[in-house]
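Trainee: Sharing a model that was predicted from the sequence below.
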Amino acid sequence: MIFKKNIGRTLMVAISLTALGSALPVAAADLRGWNIHVEDYPVSHGMEQFLAEVTEKTDGRIKGKIFHGGVLGSQPDAIEQTRLGAIDFGVFSLGPMGQVVPETNVVSLPFIFKSIPQMYKLMDGDVGAAIGVGLEKKGIKALGWYDAGARSFYNSIQPINTPADVEGMKVRVMNNDLFVGMIASLGGNATPMAFAEVFQSIKTGVVDGAENNPPSYESTNHFEVAKYYSKSEHLIIPECLCMSKKAWDALSSDDQAIVQAAATASAETQRGLWQDREAASMEKVIAGGVIVNEVADKGPFQDAMVSVYDKFLTDNPELTDLVNMIRNAD
């Protein structure tokens, strides 16, 4: 009898605590942030500013920690963890995001943006909003768009000036079918692999080279094993400061406004830092013996991408308007 009374008392206490908990203010959020880059990097500084501003403006109710250097997993893994709510926020390239969110593939089409300033304008406007809708459907809230510069080819064999120079070359690409098709259209052999594996893979000849922006090329020391950097600037892919929709939806409307304002401000900071870092990175790799060449005529590279665009639009007819929105923009 006493046992039954104790059970009944325990249940009543549990029910009372549950009811009380529902009436209490939302507990402070302790956010986990993912970042693939090293700590001293424009993206990293932008993320730290974002979190610091959110913590300050919410009087410490929302705080957290950013795990730099990909310690919480590879980019594809982190994207999935963010969708599930295991990671609360991160900065992701829209390149590998395309395997999950079709709309993000649009900005991964080669030569689709005419310049970095044009990318800013479109991503801060209707194009970014349309991509944001696609992300939200997959459990990710887009908060802002970071600059990742223009991606160019680098390798250990020779300068690249024409598509013929890529023929037979083994090139690492991000995990996205679009990039595999891009390299194939130039006659090369694409090898999707994790970013962390690239240095050793070039060093041992598993791949001949890769493609990326100057700060990534420099900060990972890829320039030590791939001495030819050819400025094809074939891809301008922004990065997304994103939040798990589960984490976003758990915030009050006031806190959502604080988080969004902090994200917008951090994007402005990151873009300025990026331009400075890009110039510094080019100086460093040239001083390190890298041979840099401008691709004087990008026309043949652009012509080779016709099949990539045709296949993409055939496979994704619902994205035709979004593609044309960017291609027809000033």
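Mentor: Sure, I can see it. Residues are numbered from 1 along each chain as shown.

Trainee: now the helices for the stretch 151-300 of the chain?
Mentor: Applying DSSP state H, counting those that start in this stretch to the stretch 151-300 of the chain gives helices spanning 177-185, 198-203, 214-219, 245-249, 253-287, 299-304.

Trainee: Which elements pack onto the longest one?
Mentor: The one in question is helix 253-287. In terms of contacts (3 or more Cβ pairs under 8 Å, 6 or more residues apart in numbering; DSSP states H and E), helix 253-287 is packed against helix 42-57, strand 62-67, strand 140-146, helix 214-219, strand 239-244, strand 291-294. C-beta: built from backbone N, CA, C; applies to glycine.

Trainee: tilt between it and strand 62-67?
Mentor: 20 degrees (axes from the mean of the first three to the mean of the last three Cα atoms, to 10 degrees).

Trainee: now the angle from helix 253-287 to strand 140-146?
Mentor: 50 degrees.

Trainee: Pull out the buried positions in helix 253-287.
Mentor: 255-256, 258-260, 262-263, 266-267, 269-271, 273-274, 277-278, 281-282, 284-285 (16 or more other Cβ atoms under 10 Å).

Trainee: now do stretch 47-61
Mentor: Result for stretch 47-61 [16+ other Cβ under 10 Å]: buried residues 47-51, 53-55, 57-58, 61.

Trainee: So for that stretch, mean pLDDT?
Mentor: For stretch 47-61, mean pLDDT is 97.

Trainee: and if you look at stretch 261-270?
Mentor: On average, stretch 261-270 scores 98.

Trainee: Stretch 103-121 now?
Mentor: pLDDT averaged over stretch 103-121 gives 95.

Trainee: now it, how far from the centre of its chain.
Mentor: 13 Å (Cα atoms, centre = their mean, to the nearest Å).

Trainee: Alpha carbons of it, as CSV, please.
Mentor: Only the C-alpha atoms of stretch 103-121 are listed here, as CSV (Å, rounded to 0.1, in the frame of the first residue of the first chain):
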residue,chain,number,x,y,z
GLU,A,103,17.7,25.2,-55.5
THR,A,104,21.2,25.7,-54.2
ASN,A,105,22.6,24.0,-57.3
VAL,A,106,21.7,27.0,-59.4
VAL,A,107,24.6,29.1,-58.0
SER,A,108,26.9,26.1,-58.7
LEU,A,109,26.4,26.4,-62.4
PRO,A,110,29.7,27.5,-64.0
PHE,A,111,30.0,31.2,-64.9
ILE,A,112,26.4,31.9,-63.8
PHE,A,113,27.4,35.1,-61.9
LYS,A,114,29.2,37.8,-63.8
SER,A,115,31.1,39.2,-60.8
ILE,A,116,31.3,39.2,-57.0
PRO,A,117,29.4,42.5,-56.6
GLN,A,118,26.6,41.1,-58.8
MET,A,119,26.5,38.0,-56.6
TYR,A,120,26.1,40.1,-53.5
LYS,A,121,23.2,42.1,-55.0
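
Trainee: Buried residues of it, list them for me.
Mentor: Buried-residue list, stretch 103-121, by 16+ other Cβ under 10 Å: 103-113, 116, 119-120.

Trainee: Now the two most distant members of the residues you listed.
Mentor: Glu103 and Ile116 (20.8 Å; Cβ to Cβ).

Trainee: Show me what Ile66 is bridged to.
Mentor: Gly33 (DSSP bridges).

Trainee: Please renumber the chain so that the first residue is 338 from this point on.
Mentor: Sure, I'll start counting at 338 from here, so that last one is Ile403.

Trainee: A helix includes Leu472, no?
Mentor: Yes: counting by DSSP: H, G, I helix; E, B strand; the rest coil, Leu472 is part of a helix.

Trainee: my guess is it contacts Lys478, does it?
Mentor: Yes: assessed by Cβ atoms under 8 Å, Leu472 is found in contact with Lys478 at 7.1 Å.

Trainee: and which of the buried residues of stretch 440-458 is nearest Thr419?
Mentor: Thr441 (13.5 Å).

Trainee: Test my guess that that closest one contacts Ser430.
Mentor: No: counting by Cβ under 8 Å, Ser430 is not a contact partner of Thr441; they are 9.2 Å apart.

Trainee: Closest to Ser553 out of the buried residues of stretch 384-398?
Mentor: Met384 (16.0 Å).

Trainee: mind listing what the nearest residue to that closest one once chain neighbours are set aside touches?
Mentor: What sits nearest to Met384 in space, not counting adjacent residues and going by Cβ to Cβ, 6 or more residues apart in numbering, is Ile403, at 5.3 Å. The neighbours of Ile403, taking Cβ atoms under 8 Å, 6 or more residues apart in numbering as the test, are 370-372, 381, 384-385, 388.

Trainee: for Lys474, same thing?
Mentor: Contacts of Lys474 by Cβ under 8 Å, 6+ apart are Val438.

Trainee: repeat for Asp502
Mentor: Taking Cβ under 8 Å, 6+ apart, one finds 495-496, 567 in contact with Asp502.

Trainee: What distance do you get for it to Ile574?
Mentor: 22 Å (Cβ to Cβ, to the nearest Å).

Trainee: now Val470
Mentor: Relative to Ile574, Val470 is positioned 19 Å away (Cβ to Cβ).
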